[in-house]
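Enquirer: sequence and predicted structure are below.
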Amino acid sequence: MTRVMQGVRILEVAEHTFVPAASALLADWGADVIKVEHVSRGDAMRGLASSGIAVVPDDVHVLFEHSNRGKRSIGLDLTSEIGHEILCRLAATADVFLTNKLPSVRAKLKIDVADIRKHNPQIIYVRGTGQGERGPDADRGAYDSLAFWARAGVAAGVMRPEYGEVPVPPAPGFGDSIGGMTIAGGISSALFHRERTGQATTVDVSLMGTAMWSMGQALALSLQLNTPWTPPPAGTRSNPLTGHYATRDGRWLSFTCLQAGRYWASMCKVIGRPEMADDPRFVDHGALMAHSGEAIAILRDAFAERSLAEWRERLADFTGQWCVVQDTLEAVADPQTDANGYIQPCATSEGVPFRLAAAPVQFDECASTPHRAPEFNEHCEEVLGELGFSVDDMLDLKIRGVVT
């Protein structure tokens, strides 16, 4: 793979998943990412396994690996004068400063835009926030389950009356990972702008803003119709070749054939009812729409007669758009996943193997290969050595508690 970010240095002062996921992508693409962690506990994400929020295997903290692969780690006390000085010296060598600290914390630690640019006027300064850099909640913390999922209309967009409760996000770090990808794109654009103009920019990405972009078409319709967006009620489909049908063994097939009239005859052959193609109720797209309820009932009964394996075989040559509703392990085993390298192997520092989702952008038709996340403070001496600190200097810093 072409390492498009080779030669770019990212200095990260961030925790959890949202912002670290951005630099993880950039590390996959070749950037040198220096992760500055809390001097004693490290990134709070390292302790997530004991929080009761998620089940994390003892041998590999795969949630941390997802958003911190390929980085270097140094534990640094930013509240100390010398710790802050070390950070500023690192910033002087970096192309990008990346943080998710709240405005009040940035001010307290003296790591805001003006503070960092005193030491590197050309550095691109990047802030990842919950609700945005401005407004009454700018200094209020958030997680993707709040700012992305609940606040921006995403949860409401998948709610159904029959659920009886607010659905939870479909995966740990769901909005965080999407937001991290958005930050990575913003950083890439800012680097390109600086290359062309010589101007360093400030980049802002929020979980709430990312979610509202993801819901952009629904928001536009809501504004135009002055009606909150909700999923269409069950049983209101007008196109029988869209939606989901259950198989005999409890699996689901998903169809999105927007041109129903074009694919109806082919579908009739699939279900063993070729004569229905000439049925006046279904003879063209308009007729199908007018008699959608009847067509849906026929398809529902037909798909319930056979297993998923049988339908895979019967649908193999169907020209319309469809897929199987798969779980995560099935998605990993999907032939398309293997052919395109969407899952990549990795190993911990102790050689324990695991696998991660690959970066979603590929260059020169090659998937990027992730490297493991760093152990806490693993690269302290290496990073300090690059700044010119001697062995004695490092020992003194450790004795004073500035580094771990």
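Expert: All right, it came through fine.
Enquirer: check the secondary structure at the spatially most central residue of the chain for me.
Expert: With distances taken as Cα atoms, centre = their mean, the residue of the chain nearest its centroid is residue 177 (2.0 Å). Put simply, residue 177 is helix when judged by DSSP: H, G, I helix; E, B strand; the rest coil.
Enquirer: which residue of this protein sits farthest from its center?
Expert: Of all residues in the chain (Cα atoms, centre = their mean), residue 280 lies farthest out, 47.3 Å.
Enquirer: what is the neighbour count of the nearest residue to residue 47 once chain neighbours are set aside?
Expert: Nearest residue to residue 47, sequence neighbours excluded (Cβ to Cβ, 6 or more residues apart in numbering): residue 41, at 6.9 Å. C-beta here means a position set from N, CA and C on the backbone, and glycine is covered the same way. A count of nearby residues for residue 41, using other Cβ atoms under 10 Å, gives 13.
Enquirer: now do residue 171
Expert: By other Cβ under 10 Å, neighbour count at residue 171 equals 11.
Enquirer: tell me the pLDDT at the closest residue to the residue nearest to the centre of the chain other than its chain neighbours?
Expert: Nearest-residue entry for residue 177: residue 21, 5.4 Å, with adjacent residues in sequence omitted and distances by Cβ to Cβ, 6+ apart. Predicted confidence (pLDDT) for residue 21: 98.
Enquirer: any idea which element residue 21 lies in?
Expert: helix 18-28 (DSSP states H and E).
Enquirer: quick one: contacts of the host helix or strand of residue 114?
Expert: Using DSSP H and E, residue 114 falls within helix 113-117. The contact list for helix 113-117 (Cβ atoms under 8 Å, 6 or more residues apart in numbering) reads 88, 91, 97, 123, 125, 200, 202.
Enquirer: each with direction, which strands does the helix or strand harbouring the fifth one pair with?
Expert: Following DSSP H and E, one finds residue 125 within strand 124-129. Based on DSSP bridges, the pairing partners of strand 124-129 within the sheet are strand 96-99 (parallel), strand 202-206 (parallel).
Enquirer: that strand to helix 18-28, inter-axis angle?
Expert: Computed by axes from the mean of the first three to the mean of the last three Cα atoms, to 10 degrees, the angle separating strand 124-129 from helix 18-28 equals 140 degrees.
Enquirer: so for strand 124-129, mean pLDDT?
Expert: On average, strand 124-129 scores 98.
Enquirer: in that strand, what counts as buried?
Expert: Within strand 124-129, the residues that qualify as buried are 124-129, counting by 16 or more other Cβ atoms under 10 Å.
Enquirer: stretch 203-221 now?
Expert: 203-212, 214-215, 218-219.
Enquirer: and which of these is nearest to residue 293?
Expert: Nearest to residue 293 among the buried residues of stretch 203-221: residue 218, at 25.6 Å, using Cβ to Cβ.
Enquirer: give the contact list for that closest one.
Expert: 153, 157, 229.
Enquirer: repeat that for residue 239.
Expert: Counting by Cβ under 8 Å, 6+ apart, residue 239 touches 257-258, 260, 288-289, 292.
Enquirer: can I take it that it is in a strand?
Expert: No. Residue 239 is assigned coil when assessed by three-state DSSP, not a strand.
Enquirer: let me know the pLDDT of it.
Expert: So residue 239 comes in at 93 (pLDDT).
Enquirer: cool, and residue 51?
Expert: 54.
Enquirer: sorry, back to before: the residue nearest to residue 177 against residue 175, yeah?
Expert: No. The pair residue 21 / residue 175 is not scored as a contact, 10.4 Å apart, by Cβ atoms under 8 Å.
Enquirer: for the closest residue to residue 205 other than its chain neighbours, helix, strand, or coil?
Expert: Excluding the flanking residues, the one nearest residue 205 by Cβ to Cβ, 6+ apart is residue 183, at 4.6 Å. The assignment at residue 183 comes out as helix when based on three-state DSSP.
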